[in-house]
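Asker: Sharing a model prediction with you, sequence too.
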Amino acid sequence: MLSKLNYIEDYACRALLAVFVILLFVQVVMRMVLGIGMSWIEELARYSFVWFVFLGATHAAHLSAHNRLQVHINLLPKNMAKGLLLFVDLIWVGFCLVLAYKSLDLIGLLLEFPYKSPALGWSLAYVYFIFPIAFVLMAFRVLQVQYLKLVKGIEPGDVEKEETDKITEDESYQKKNADSNTDKG
């Protein structure tokens, strides 16, 4: 179940970013070549970017990749540091749930008193649905990371270090293959 959620988050972020980039590229080309722009393209790009940012934040929470000032926490004894991080994460979860609740109030108002987007004519209530979705998902992901740490004993990896290691391994593999192909020739 969680692997499907990871998959959906990951590919939704990729798709939304691709839509954003393609739409902006089309808009730039149209303005430079044809001298015209289309407002609906900019609006759709903006909405896809907003959805990408919020889903990306939930994905980063899942990877435990949000920035933290951990230098001072690493100086504490291990159990105290874990307790402090748990406390901070519980505050974060509470904050996310309050924002999700308040965003539902906003969506309720937008459903009661509709406001349409200027170019596409969409109800902004549907555009703003990303807020409760993202904040509830983020709260869940933060709790999931804490569960993995405290109950399962699984520490989330350093995402940047893992990516750097993967790139380094790929480069050394490619160099090794290039060297072996040169030796054969």
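Answerer: Cool, the structure landed.
Asker: rest of the way, CA atoms for contacts and neighbours
Answerer: Will do.
Asker: Chain neighbours aside, what residue packs nearest to the residue most central in space within the chain?
Answerer: The centroid of the chain falls nearest to G56 when counting by C-alpha atoms, centre = their mean (0.9 Å). The shortest distance from G56 to any non-neighbouring residue, by C-alpha to C-alpha, 6 or more residues apart in numbering, is to C13 (6.1 Å).
Asker: Could you report the pLDDT at the one you found?
Answerer: C13 is assigned 94 on the pLDDT scale.
Asker: what's the average pLDDT for the host helix or strand of the residue nearest to the centre of the chain?
Answerer: Taking DSSP states H and E as the definition, G56 sits inside helix 39-62. Averaging pLDDT along helix 39-62 gives 93.
Asker: Give me the contacts around that helix.
Answerer: 6, 9-10, 12-13, 16-17, 19-21, 23-24, 27, 66, 119-120, 127, 130-131, 134-135, 137-138, 141-142, 144-145 (C-alpha atoms under 8 Å, 6 or more residues apart in numbering).
Asker: can you check stretch 73-80 too?
Answerer: By C-alpha under 8 Å, 6+ apart, the list of residues contacting stretch 73-80 from outside reads A81.
Asker: cool, and stretch 99-107?
Answerer: Counting by C-alpha under 8 Å, 6+ apart, A125, Y126, Y128, F129, F131, P132, I133, A134, F135, V136 sit against stretch 99-107.
Asker: now do 10 Å
Answerer: Stretch 99-107 has contacts (C-alpha atoms under 10 Å, 6 or more residues apart in numbering) with 93-98, 108-114, 123-137, 139.
Asker: ChimeraX command for the buried members of the residues you listed?
Answerer: Of these, the buried ones go into a single ChimeraX selection, burial set by 16 or more other C-alpha atoms under 10 Å:
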select :93,96,97,110,123,124,125,128,129,130,131,132,133,134,135,136,137,139
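Asker: In helices, which of the contacts of stretch 99-107 fall?
Answerer: Of these, the ones assigned to helices by DSSP state H are 93-98, 108-112, 124-127, 130-137, 139.
Asker: Understood, closing this out.
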